[in-house]
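> Pasting the sequence and the predicted model now:
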Amino acid sequence: MRKLLSILAVGALAMATAPAQAIPVTAVGAVSISLAGLAPLIVPGATTVNVSTTGIGHITAMTVPASPFAAAGIVIPITDPAAAPIKGIQATVHNATGAFSGAVLGGTMSLNGVTKVCLFKACSIATANLSVPLSVVGVGGVIAIPPGTTSASVNLTVAGAPWTAGVAAVGTVTQMGFQHGPASASSSTVAASGAIRLVSPIFVSTNIGASAVVPGFAFFDLHFVPEPGTLLLLGSGIAGLVMFGRSKRS
């Protein structure tokens, strides 16, 4: 029996150190966009992502399909007087395919669509909208829009960057991502109740005095809901083999 347990232990070690395996995992979450520190516009969704893991669930790579996070004409009203002349944020957006990897997850997933900043009045009756394209968000690059494109007198520049689970910054303003397992445990992100937050900075500049620089951030949150017996296979399998060995000895 000792020989059998030794063989099983070696097999378990080999499984724990084996190359990363891609597996589908169910996840719920949201894509959120916050401009100028205002309340975020949240687009919820659910999907199946493919993750590559090592050990007991440390994610080394992840792919996300296109469009599970999508909304058309979603509106966040802004009532804070300090935010004037902004009275609302409206967006039509969907995510493109995402690919992430690294010890600290990072990668690209563009947000295709546009955010409208509704000026002076609520979005339903706004007399002036400033359209902010989102295609560089989560990917990187710069879009420069001359006057007359989205507004008669406003020029607009939008700069984006890839996603990261680390620190994202716009000037001195920062936001932090994360990746962790249940109860904030490390190296088990893909276990049930594991979570990931990826952050992408958004830099918006205009020729509007009070809004010459508008810092913003996009957030991509996922909460894992693994299929029973798929991602816990390694742990439960080893536990079962140990119990089998103990029962045989007794």
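In hand now; what should we look at?
> Can you pull out the low-pLDDT segments for the protein?
1-21, 56, 147-153, 208-211, 226-250 (pLDDT under 70).
> which residue ranges form the helices in it?
Taking DSSP state H, the helices of the chain run over residues 2-16, 233-249.
> Taking the centroid of the chain, which residue is nearest it?
Phe220 (2.0 Å; Cα atoms, centre = their mean).
> ok, now which ones touch the closest residue to that one other than its chain neighbours?
Spatial nearest neighbour of Phe220, excluding adjacent residues (Cβ to Cβ, 6 or more residues apart in numbering): Leu198 at 4.3 Å. For the C-beta atoms, the positions are set from N, CA and C on the backbone; glycine is no exception. Leu198 makes contacts with 100, 105-106, 163-165, 177, 219-221, as judged by Cβ atoms under 8 Å, 6 or more residues apart in numbering.
> now swap in Val225 and tell me
Val225 touches 25-28, 192, counting by Cβ under 8 Å, 6+ apart.
> Could you do Val199 as well?
Contacts of Val199 (Cβ under 8 Å, 6+ apart): 163-165, 167-168, 175-177, 217-220.
> got JSON lines for those, with distance to Ala71 too?
Converted to JSON lines, those look like this (distance: Cβ to Cβ, whole Å):
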{"residue": "Trp163", "distance to Ala71": "19"}
{"residue": "Thr164", "distance to Ala71": "24"}
{"residue": "Ala165", "distance to Ala71": "24"}
{"residue": "Val167", "distance to Ala71": "27"}
{"residue": "Ala168", "distance to Ala71": "22"}
{"residue": "Gln175", "distance to Ala71": "21"}
{"residue": "Met176", "distance to Ala71": "25"}
{"residue": "Gly177", "distance to Ala71": "22"}
{"residue": "Phe217", "distance to Ala71": "18"}
{"residue": "Ala218", "distance to Ala71": "13"}
{"residue": "Phe219", "distance to Ala71": "15"}
{"residue": "Phe220", "distance to Ala71": "14"}
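> No further queries at this time; thank you.
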